[in-house]
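Trainee: below: sequence and its predicted model.
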Amino acid sequence: GAGVSQTPSNKVTEKGKYVELRCDPISGHTALYWYRQSLGQGPEFLIYFQGTGAADDSGLPNDRFFAVRPEGSVSTLKIQRTERGDSAVYLCASSLTGWGVGDTQYFGPGTRLTVL
Amino acid sequence: GENVEQHPSTLSVQEGDSAVIKCTYSDSASNYFPWYKQELGKGPQLIIDIRSNVGEKKDQRIAVTLNKTAKHFSLHITETQPEDSAVYFCAAGKSTFGDGTTLTVKP
């Protein structure tokens, strides 16, 4: 079946601009996660959705970052006033329930964001 | 919060040899330790995981060991093959990852 998809695969923008990154999770998965991965590092947790609500947004670095999941499926990560330091690969993952130990996360291929 | 350290950052082995990657974690309450493989241009993929109530788990050529007292866990790959070449990440819990190990298996 279809895995997690993310669009666009690449995004180049200028400093100060607004960007939106989209994630389509596996159908039926109630949990959705956003991560940021810089070169040579592991994924860094940003936010976790359980259904439509953000259950944990402790990883969002500042108020320029915001994410929504209005219908409990597709999610959009929004970055305002982008800075060069926001350049990274943004990964999305989904899992069936999100609760309990060992609920496997399935990752998308990521969106590579470059801020010039 | 949780912190995970992973070693080595790069590892090169000859085909057929074994590879071992080690991680330590800081939060003694952590009870789930997955390992992921990431190939170029793709997202991480779960390859094996272990829960805190067991000390070892094996799946074909891959095994993971956990020492909760010392707060460290390791990934063991035996009989390595060129297609095992990738970046491997350990994690503690669902969302705290190590910085990865680039494994190169030379034919």
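Mentor: Arrived safely, thanks for sending. Numbers count the residues shown, from 1 in each chain, chains lettered A, B, ... in the order given.
Trainee: so who does residue 49 touch?
Mentor: Defaulting to chain A. Neighbouring residues of A:Phe49 by Cβ atoms under 8 Å, 6 or more residues apart in numbering or on different chains: A:31-33, A:55, A:67, A:69, A:72, A:75. Where you see a C-beta, it was placed from the backbone N, CA and C, and this is true even at glycine.
Trainee: my bad, the chain I had in mind was chain B
Mentor: The neighbours of B:Asp49, taking Cβ under 8 Å, 6+ apart as the test, are A:102, A:104, B:32-35, B:57, B:64.
Trainee: on that earlier part again, wait, which of the contacts of A:Phe49 is closest to chain B?
Mentor: A:Tyr33 (7.0 Å; Cβ to the nearest Cβ).
Trainee: so which residues of chain B form strands?
Mentor: Using DSSP state E, the strands found in chain B span residues B:4-7, B:10-14, B:19-25, B:32-38, B:45-51, B:56-59, B:62-67, B:72-77, B:86-92, B:96-97, B:101-106.
Trainee: which residues touch the fourth one?
Mentor: The list of residues contacting strand B:32-38 from outside it, by Cβ under 8 Å, 6+ apart, reads A:101-102, A:104-105, A:107, B:23, B:25, B:44-52, B:62, B:64, B:66, B:73, B:75, B:86-94, B:97, B:100.
Trainee: strand partners (parallel or antiparallel) of that strand?
Mentor: Strand pairing for strand B:32-38, using DSSP bridges, gives strand B:45-51 (antiparallel), strand B:86-92 (antiparallel).
Trainee: and chain B, which residues reach chain A?
Mentor: Within reach of chain A by Cβ under 8 Å from any Cβ of the partner chain, chain B has these residues: B:4, B:6, B:31-32, B:34, B:36, B:41-46, B:49, B:51, B:89, B:91, B:94-100.
Trainee: quick check on these: which are buried?
Mentor: Neighbour-count burial (16 or more other Cβ atoms under 10 Å in any protein chain shown) applied to these gives B:4, B:6, B:31-32, B:34, B:36, B:43-46, B:49, B:89, B:91, B:94-100.
Trainee: tell me what B:Thr96 is bridged to.
Mentor: Listed beta-bridge partners, B:Thr96: A:Glu44, B:Ala92 (assigned using DSSP bridges).
Trainee: check the contacts of B:Asp49 against A:Glu44 and report the nearest one.
Mentor: Checking these against A:Glu44 by Cβ to Cβ gives B:Pro34 as the nearest, at 16.0 Å.
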